[in-house]
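[1] Build me a structure from this.
(one chain, ligands or ions: 3)
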Amino acid sequence: MDFRIAQKTADSKYELYIFDDETKVASCSVFTKEEAAYVSTCLNNEFSLVSINRLTKLLLVYIVRPKKTDYETHESCRKGGAEVQGLLAKYKAAEVAIVNHSAIGHAAIYMAEGMVLANYQFLKYRSDSAKRKAQLSRIIFAKNAASLKDLKHLKVITEAVYKVRTLVNEPLNHLSAVQLSAAFTQMGAEAGFKVTVLNKARIEKEKMGGLLAVNYGSQQPPTFSIMEYKPKKCLNKAPLVLVGKGVVYDTGGVSLKPTLNSMDRMKSDMSGAALVAGAMYAAASLELPLHLIALVPATDNRPGENAYVPGDVITMMSGKTVEVLNTDAEGRMLLADALHWAKRYQPELVLDFATLTGAASVAIGEHGIVCMGNADDLTKKAFRESGHRQYERLVEYPMWDEYGEQIKSDIADIKNVGGSSGGAITAGKFLEHFIDYPWMHFDIAGVSFATSRKNYSTVGGTAFGLRMLLDFLMHYGKN
Ligand code: BES
Ligand code: MN
Ligand code: ZN
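    Ligands and ions are numbered 1, 2, ... in the order given. You can find the predicted model right below:
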């Protein structure tokens, strides 16, 4: 998408006018008396978008009704943007100009964000992709509606969302662990961060027992990707480390996933990996003054002749032993090794993103992320605020000692499942065994993949959580 600021927007065939009060339409010089009267008859509380067809030009009027909080109002703008995108797609409009006549600061940017996110497509496997391709390719902002810096942010962030969604949408037969790592290398070359990929031999040498155990049943080798972005000026003294679960497909292993359809979306079990790589891409593209490292342990999880089985005891990279009682609890096995690896950086903060438990998804559904960790209150508050600003909200779960009892093993240090209750938390308690630094864990199982289109969230990978994380990084170290 091309974003521009124009001196005058009147040359565009499609123009969007944003208002926060329908009575202001009548006093706006753009519209004739008849048009303003038409708009006011069209508008009622449920109807926010009105189009006026001047034959040579289509004028769109969007009324944003201010909500109780700013963040909800901004979200209304994003949703409105998705609605506008839907209409423009029907007209096959290539370009739209946005004028903000509301008192809502950045309303044009929020609406454009919703438009662009809703305009995402995954056409790689369509033979008629040329015919299906979205026409919208340029958004023009009226002077005063946006600054160049706003546009740069919007461009980079939406591009990062697109990249993450596309990685998630790629099926296993086109995205093995090796191919995922190659995609990171490509992203690093584009945006300017370093990518090192450890191959199977190196992973064996490092004794990453958790990652190797999950990989035993696979026909394809695992990888461990290390991405690093270190600009000359950094606000953080020690690195911030991101960790992403890179299970390129999760069959459950020999504890094969049971119910009907439960594997349909399991190509998306690398959403955490895609998300952290997307964050590196955006951070480097925006040249954020932060030293960042991202780690992705990757493999598929499937039954095979050599697959790990319930009862196996695995020695993890940290030296801890794990009794495997369900091979479908594989995410924590490979994340454990990555979290252990992160200790070498003596990091300021470690953040992991993982489609870790169905329990998180069952508990809060598709509207938020379950998080937990030992980071300080200021960090947690910053995350809450970023979650609200980006409308990718967080719910913090407790990590009380009692939950830790549930993963005690009879024969090893811990076991990889904690029973039928508190599943999202016992998974977090498992990870806690492998950290010695401030850390937050984000369980994105409920939000990373959508089976239907909703507002600006398209079918398939959502990249949910990425904008929240980037918002956090952009505010990091500034207060
Ligand atoms: N990848 C799944 C979690 C998941 C479930 C993600 C649904 C997205 C949608 C994870 O590896 C898993 O299988 N977790 C198990 C853990 C259990 C065996 C302790 C689960 O949640 O059932
Ligand atoms: Mn699993
Ligand atoms: Zn999984």
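
[2] Can you give me every residue that contacts the closest residue to ligand 3 within the stretch 201-350 of the chain?
    Nearest residue of the stretch 201-350 of the chain to ligand 3: residue 250, at 3.7 Å (C-beta to the ion). In short, each C-beta sits where N, CA and C put it, glycine included. For residue 250, the contacting residues are 257, 263, 266, 269, 300-301, 328, 330-331, by C-beta atoms under 8 Å, 6 or more residues apart in numbering.

[3] tell me the phi and psi of it?
    Backbone torsions of residue 250, given as degrees, to the nearest 10, read phi -120, psi 100.

[4] repeat for residue 433
    Main-chain torsions, residue 433, degrees, to the nearest 10: phi -70, psi -10.

[5] looking at it, it is touching residue 333, isn't it?
    No: under the criterion of C-beta atoms under 8 Å, residue 433 is not in contact with residue 333, lying 11.8 Å apart.

[6] Looking at those two now, which is surrounded by more residues?
    Ranked by neighbour count (other C-beta atoms under 10 Å), residue 433 and residue 333 place residue 333 first, with 28 against 18.

[7] Not counting sequence-adjacent ones, nearest residue to that one?
    Of all residues not flanking residue 333 in the chain, residue 210 sits nearest, at 3.8 Å (C-beta to C-beta, 6 or more residues apart in numbering).

[8] For my notes, confirm the one you found occurs in a strand.
    No: looking at residue 210 with DSSP: H, G, I helix; E, B strand; the rest coil, it is helix, so not inside a strand.

[9] That one: neighbouring residues, count only.
    31.

[10] Then residue 437?
    17.

[11] Not counting its neighbours along the chain, what's nearest it?
    residue 347 (5.3 Å).

[12] Report the separation between that neighbour and ligand 2.
    Residue 347 is 27 Å from ligand 2, where distance means C-beta to the ion, to the nearest Å.

[13] what's the answer for residue 336, then?
    Distance, residue 336 to ligand 2, using C-beta to the ion: 14 Å.

[14] Contacts only, for that residue.
    Taking C-beta under 8 Å, 6+ apart as the test, what residue 336 contacts is 210, 316-318, 320, 322, 430-431, 433-434.

[15] Tell me the buried residues in stretch 402-409?
    Across stretch 402-409, burial judged by 16 or more other C-beta atoms under 10 Å covers 403-404, 406-407.

[16] typed the wrong thing, it's stretch 324-342
    By 16+ other C-beta under 10 Å, the buried positions in stretch 324-342 come out as 324-325, 327-342.

[17] Per-residue pLDDT of residue 44, please?
    Per-residue pLDDT puts residue 44 at 70.

[18] likewise the one 4 residues further on?
    On the pLDDT scale, residue 48 is placed at 91.

[19] what's the answer for the one 4 residues further on, then?
    You'll see residue 52 listed with a pLDDT of 96.

[20] I'd say it and residue 58 touch.
    Yes: using C-beta under 8 Å, residue 52 is in contact with residue 58, at 7.3 Å.

[21] where do the contact lists of these two overlap?
    By C-beta under 8 Å, 6+ apart, residue 52 and residue 58 have no common neighbours.

[22] Kindly list the longest strand within this structure.
    Across the chain, the longest stretch assigned as strand under DSSP state E is strand 292-301.

[23] Close to ligand 2: what parts of this protein are there?
    Residues of the chain lying close to ligand 2 by C-beta under 5 Å from the ion are 250, 328, 330.

[24] Among those residues, which ones lie close to ligand 1?
    Taking C-beta under 6 Å from any ligand atom as the test, ligand 1 is in contact with 250, 328, 330 out of these.

[25] Which member of the residues you listed is positioned nearest residue 65?
    For these, the residue nearest residue 65 by C-beta to C-beta is residue 250; the value is 42.2 Å.

[26] Identify the bridge partners of that closest one.
    Beta-bridge pairing for residue 250 (DSSP bridges): residue 301.

[27] Who are the contact partners of residue 438?
    By C-beta under 8 Å, 6+ apart, residue 438 lies in contact with 347-350, 373-376, 379.

[28] now, which of those residues lie within strands?
    Per DSSP E, the subset of the contacts of residue 438 in strands is 349-350, 373.

[29] quick revisit: so does the longest strand of the chain get close to ligand 3?
    No: taking C-beta under 5 Å from the ion as the criterion, strand 292-301 and ligand 3 are apart, separated by no less than 6.4 Å.

[30] now for that strand, which elements pack on it?
    If you count contacts as 3 or more C-beta pairs under 8 Å, 6 or more residues apart in numbering; DSSP states H and E, strand 292-301 packs onto helix 177-191, helix 209-215, strand 223-229, strand 240-244, strand 246-250, helix 271-285, helix 331-342.

[31] okay if I get these as TSV plus mean pLDDT?
    Shown next, in TSV, are these (pLDDT from 0 to 100):
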stretch	mean pLDDT
helix 177-191	98
helix 209-215	99
strand 223-229	99
strand 240-244	99
strand 246-250	98
helix 271-285	99
helix 331-342	99
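
[32] what residues go with each domain of the protein?
    2-146, 156-475 (automatic domain parsing).

[33] now, of the ones you listed, which is deepest in the fold?
    Highest mean neighbour count of those: domain 156-475, a mean of 21 (counted as mean count of other C-beta atoms under 10 Å).

[34] thought residue 195 was touching residue 182?
    No: the criterion here is C-beta under 8 Å, and residue 195 misses it with residue 182 at 9.3 Å.

[35] what's near enough to touch the closest residue to residue 432 other than its chain neighbours?
    Spatial nearest neighbour of residue 432, chain neighbours left out: residue 399 (6.6 Å); criterion: C-beta to C-beta, 6+ apart. Going by C-beta under 8 Å, 6+ apart, residue 399 touches 372-374, 425, 428-429, 432.

[36] Taking those together, which two end up most distant?
    Greatest spacing in those, by C-beta to C-beta: 374 and 425 (13.5 Å).

[37] Now do stretch 178-192: everything it contacts.
    Outside stretch 178-192, the residues that touch it by C-beta under 8 Å, 6+ apart are 163, 167, 175, 193-195, 197, 220-221, 223, 225, 227, 229, 246, 248, 270, 273, 277, 280-282, 284-285, 296, 298.

[38] ok, now stretch 139-154?
    Contact partners of stretch 139-154, identified using C-beta under 8 Å, 6+ apart, comprise 1-7, 9, 12, 95-100, 106-109, 112-113, 115-116, 286.

[39] quick one on the thing from earlier: can you tell me which residues contact the residue nearest to residue 437?
    Residue 347 sits next to 238-241, 293, 437-438 when contact means C-beta under 8 Å, 6+ apart.

[40] try 7 Å
    Counting by C-beta atoms under 7 Å, 6 or more residues apart in numbering, residue 347 touches 238-241, 437.

[41] where does the stretch 151-300 of the chain come near ligand 3, residue by residue?
    So the stretch 151-300 of the chain meets ligand 3 at 247, 250, 269 (C-beta under 5 Å from the ion).

[42] Does whichever residue of the stretch 251-400 of the chain sits closest to ligand 2 belong to a helix, a strand or coil?
    Ligand 2 sits closest to residue 328 of the stretch 251-400 of the chain, with a gap of 3.8 Å, by C-beta to the ion. Of the three states, residue 328 takes coil according to three-state DSSP.

[43] Please apply the same query to residue 98.
    Here residue 98 takes the strand state, with states given by three-state DSSP.
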